[in-house]
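Peer 1: Sequence plus the predicted model coming up.
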Amino acid sequence: MLRFLDSGESHGAGMLAVVEGMPMGVPVRREFLESELARRRLGYGRGPRMALERDEVEILGGVRGGRTLGSPVALLVRNAEHRKWLKVMSPYGEVEAEPLTRPRPGHADLAGAIKYGTRDIRDILERSSARETVGRVCAGALAKSLLVCLDIHVYSHVLQVGEARVTAAGETPRREEAAAADEDPMRCLDREASLRMREEVDRARREGDSLGGVFEVVAYGVPPGLGSHVHWDRRLDGRLAAAVMSIQAVKGVEVGEGFLLAGMRGSLASDPIYHSKRRGFYRRTNRAGGLEGGITNGEPVVVRAAMKPIPTLASPLETVDLVTKERVAAAVERADVCAVPAAAVIAESAVAFVLADALLEKLGGDSLEELGARFRDLKRRYKAF
Ligand SMILES: Cc1cc2nc3c(=O)[nH]c(=O)nc-3n(C[C@H](O)[C@H](O)[C@H](O)COP(=O)(O)O)c2cc1C
């Protein structure tokens, strides 16, 4: 129902995101879009580029008077650094730049160069860079603008950086707690663990090294009945996993307790069902992360992901030159030491987009008014079920 495409290179003119399928009448505020992009820069351990730029959004289409028109929404984020890179990145005529021939292990550099037959890895790295997530965050911010009208909120927080991890992993935070994650430099809800994480980042930075970690995205207020059990590509767990897994450097995704369930007894691994007049059906635990059989069950949707350490290092790894075939040090681009807090924000966008899509699939509606009425009716029917 919701589709989105983006275009742009890391040091190109800008990033363009086009989202098609938004209903008419959804309030869209430029300040909100820009604050979401600013959140993509958060986190202790980021490189100098994060401080250099501010992402400003131009709305090119699909919005009138601060509300969506139902037509494709086009958002452009110009690249503040592009002027400096004109000779290297100009789309017009020949570029004036030495080819980059030292592929970085852990990046798309070598695999992409072989696949596309280029001897200049800049042809690959400019697009494989995580700068591309500007487009995803724009699309996610539009999805959040829709979800918030239905009182659905998507937040994230960091569970682990390097070997430092929170002590209470497994407990879904209350909505107000999760909403406050940005107040911590590591976007971690456990102050003591956050301190240990920052110490790890400092140590890795001193040693020219980098770190990965684990983050969690939680969506609150999601009604039961989104997604479906009937076919593999309709299962919402699979759709959420694909959206989060496709974020650069994410190497594993789990729903709810995920990998932990593998080691548990069946008698403990599911969430017993309760019912009350006030709440309808509900659970006291949420090991399933709000999804059973690929369908939301009314509990918060919980998706966790593991991010590998940043592959570009201040003390570069060895590689082989594409042309001379000599052993050389890998190319060095400015790099983050740790980007787990930012990856969590990007994953919020990915989850929000998939949920908005699933909601529109379930309820349809050309306008927010129509969608809102159907949503309220759905909630009434489910409560009385
Ligand atoms: C928010 C974010 C920031 C990142 N920053 C960097 C960086 O500064 N340097 C780097 O080498 N990789 C960085 N990465 C990771 C690479 O983009 C990623 O590892 C690379 O594209 C290879 O993709 P893969 O790890 O998914 O195979 C970042 C990833 C994210 C999500």
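Peer 2: Noted; the coordinates are in hand.

Peer 1: From K115, how far out is the nearest residue to S128 once chain neighbours are set aside?
Peer 2: The shortest distance from S128 to any non-neighbouring residue, by CB to CB, 6 or more residues apart in numbering, is to A108 (3.8 Å). To be clear about C-beta, it is placed using only N, CA and C from the backbone, and glycine gets the same treatment. Plainly put, A108 is 9 Å away from K115 if you go by CB to CB, to the nearest Å.

Peer 1: Between those two, which is the more surrounded one?
Peer 2: In terms of neighbours (other CB atoms under 10 Å), A108 is the more surrounded of A108 and K115; the figures are 17 against 10.

Peer 1: Give me the pLDDT for the more buried one.
Peer 2: Looking at A108, its pLDDT stands at 97.

Peer 1: need the contact list for it.
Peer 2: Taking CB atoms under 8 Å, 6 or more residues apart in numbering, we find A108 in contact with I124, L125, S128.

Peer 1: now L291
Peer 2: G227, L236, D237, L240, V255, G256, N297, V301.

Peer 1: would you list those in a markdown table and tack on neighbour count?
Peer 2: Below are the contacts of L291 laid out as a markdown table (neighbours: other CB atoms under 10 Å):
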| residue | neighbour count |
| --- | --- |
| G227 | 24 |
| L236 | 25 |
| D237 | 23 |
| L240 | 27 |
| V255 | 23 |
| G256 | 25 |
| N297 | 22 |
| V301 | 31 |
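
Peer 1: Specify which member of those residues is nearest to the ligand.
Peer 2: Distances from the ligand to those, taken as CB to the nearest ligand atom, are shortest for L240 (16.9 Å).

Peer 1: Run through the residues of the stretch 251-385 of the chain sitting next to the ligand.
Peer 2: Within the stretch 251-385 of the chain, the positions near the ligand by CB under 6 Å from any ligand atom are K308, I310, P311, T312, A335, D336, A339, A342, A343, I346.

Peer 1: do you know how far the second one is from P105?
Peer 2: Read that as I310. Remark: distance between I310 and P105 (CB to CB) = 12 Å.

Peer 1: quick one: which of these two has more around it?
Peer 2: Between I310 and P105, I310 has the larger neighbour count (other CB under 10 Å), namely 23 against 14.

Peer 1: Now do the strands in the stretch 101-250 of the chain.
Peer 2: Listed in chain order, the strands found in the stretch 101-250 of the chain under DSSP state E, counting those that start in this stretch are 153-161, 164-165, 213-220, 250-255.

Peer 1: Kindly check the end-to-end length of stretch 296-312 for me.
Peer 2: Across its full length, stretch 296-312 reaches 38 Å end to end, with CA to CA, to the nearest Å as the criterion.

Peer 1: Return the set of buried residues in that stretch.
Peer 2: Judged by neighbour count using 16 or more other CB atoms under 10 Å, the buried positions of stretch 296-312 are 296-307, 309-312.

Peer 1: cool, and stretch 38-57?
Peer 2: Neighbour-count burial for stretch 38-57, counted by 16+ other CB under 10 Å, picks out 39-47, 49-50, 55, 57.

Peer 1: Among the residues you listed, which lie within strands?
Peer 2: Of the positions in the buried residues of stretch 38-57, V57 sit in strands, assigned by DSSP state E.

Peer 1: The ligand: which of the buried residues of stretch 38-57 is nearest?
Peer 2: Distance to the ligand, by CB to the nearest ligand atom, is smallest for G47 among these, at 5.2 Å.

Peer 1: Tell me the spacing between that closest one and C188.
Peer 2: The span separating G47 from C188 equals 20 Å under the rule CB to CB.

Peer 1: Ok, A178 next?
Peer 2: Look at A178 and C188: by CB to CB, they are 11 Å apart.

Peer 1: V302 now?
Peer 2: Summarising the geometry, the distance separating V302 from C188, computed by CB to CB, is 16 Å.

Peer 1: wait, H275 sits on Y282?
Peer 2: Yes - in this structure H275 lies within contact range of Y282 using CB atoms under 8 Å: 7.3 Å.

Peer 1: Give me the more crowded residue out of these two.
Peer 2: Neighbours of H275 and Y282, each counted by other CB under 10 Å, are more numerous for Y282; the result is 14 against 9.

Peer 1: Helices - which of the contacts of L291 land there?
Peer 2: By the criterion of DSSP state H, membership of the contacts of L291 in helices covers L236, D237, L240.
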